[in-house]
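> sequence and predicted structure, then a few things I'm wondering about:
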Amino acid sequence: MATERADQRREAGQRTRDGLLAAALELLAQRGQEGVTLREITDRAGANVSAVSYHFGSLKALCDAAIEHALERYLDAQIDAVASLGARPTIEELAAAFARPMMRALAAGGRDLAVMRTVARVGIDPPEGWDRLDGKFEQSRRDVLKVLSANLPGVDEPELTFRTRCAAGLLNWLAVAPIGAELAALPAGQIERWLAPVLAGALRGSPMRSDQG
């Protein structure tokens, strides 16, 4: 009986923690980090202020954890999309897979896009405290480099890494720039037709002519 009660308390605590994370991320997406109050988060989550202190320690720690959690979901979706490619994917197929989580958010709009904008602002340069995500950033990079290396055997790894980082930066920029809002107004298929080739071009690069050296 005591074990059952302890399990129930743990489950209730996890539900409260998850509810606080979801409420924080939704409000952050709407207003940014400067416009969110502790009371608003707890009211939306149906929790009390002491629950924030217990699970996270502070409002800032809760907001950081919410954004980190969303960034982790984004990285997982990106890794899964690239992993789902066939045995010998083209650069165009890689570009579409790499961009798929962002394209879905752009097509969905509303809260999904608002959350992605929040994630994008920190995804460009994650805080040092988020080093637990380093492995996922590295896995995403390795998976992309594997496909690029197979398609571009004459390009060395540092240059391919640079191109990958540029492609990731472009996706983050689209989430927060006005052109991203314009893209979001298009049908999902058109978003992919417009965006995937741009990313493919960034990943493929172009050899410099001899008269440009």
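Perfect, thanks for sending it.

> mind pulling up the pLDDT for the residue positioned nearest the centre of the chain?
The chain has Y74 as the residue nearest its centroid, 3.4 Å off, counting by Cα atoms, centre = their mean. According to the prediction, Y74 has pLDDT 89.

> I figured it hits R104, correct?
No. Between Y74 and R104 there is no contact under Cβ atoms under 8 Å: 10.4 Å. (C-beta placed from N, C-alpha, C; glycine too.)

> name the helices or strands packed onto the helix or strand harbouring A12?
Assessed by DSSP states H and E, A12 sits inside helix 2-31. Secondary-structure packing of helix 2-31 (3 or more Cβ pairs under 8 Å, 6 or more residues apart in numbering; DSSP states H and E): helix 38-45, helix 49-55, helix 59-83, helix 110-123.

> just want the angle from that helix to helix 110-123.
Interaxial angle of helix 2-31 relative to helix 110-123 (axes from the mean of the first three to the mean of the last three Cα atoms, to 10 degrees): 90 degrees.

> next, the angle from helix 2-31 to helix 59-83.
90 degrees.

> sorry, back to before: the helices and strands packed on helix 2-31 into JSON lines, with extra columns for distance to A12?
Converted to JSON lines, the helices and strands packed on helix 2-31 look like this (distance: least, Cβ to Cβ, whole Å):
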{"stretch": "helix 38-45", "distance to A12": "13"}
{"stretch": "helix 49-55", "distance to A12": "10"}
{"stretch": "helix 59-83", "distance to A12": "18"}
{"stretch": "helix 110-123", "distance to A12": "26"}
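
> and those helices: which comes nearest R141?
Closest approach to R141 among the helices and strands packed on helix 2-31 (Cβ to Cβ): helix 59-83, 10.2 Å.

> what packs against the closest one?
Taking 3+ Cβ pairs under 8 Å, 6+ apart as the contact cut, helix 59-83 packs with helix 2-31, helix 38-45, helix 49-55, helix 91-108, helix 110-123, helix 134-151.

> what angle separates that helix from helix 134-151?
Interaxial angle of helix 59-83 relative to helix 134-151 (the same axes, to 10 degrees): 20 degrees.

> please point out which parts of helix 59-83 sit buried.
For helix 59-83, the neighbour count (16 or more other Cβ atoms under 10 Å) marks 59, 62-71, 74-75, 78-79, 81-82 as buried.

> same question, stretch 44-52
Buried, per 16+ other Cβ under 10 Å, within stretch 44-52: 45, 47, 51-52.

> re the thing from before, among the helices and strands packed on helix 59-83, which is nearest L170?
Closest among the helices and strands packed on helix 59-83, using Cβ to Cβ: helix 91-108, at 8.9 Å.
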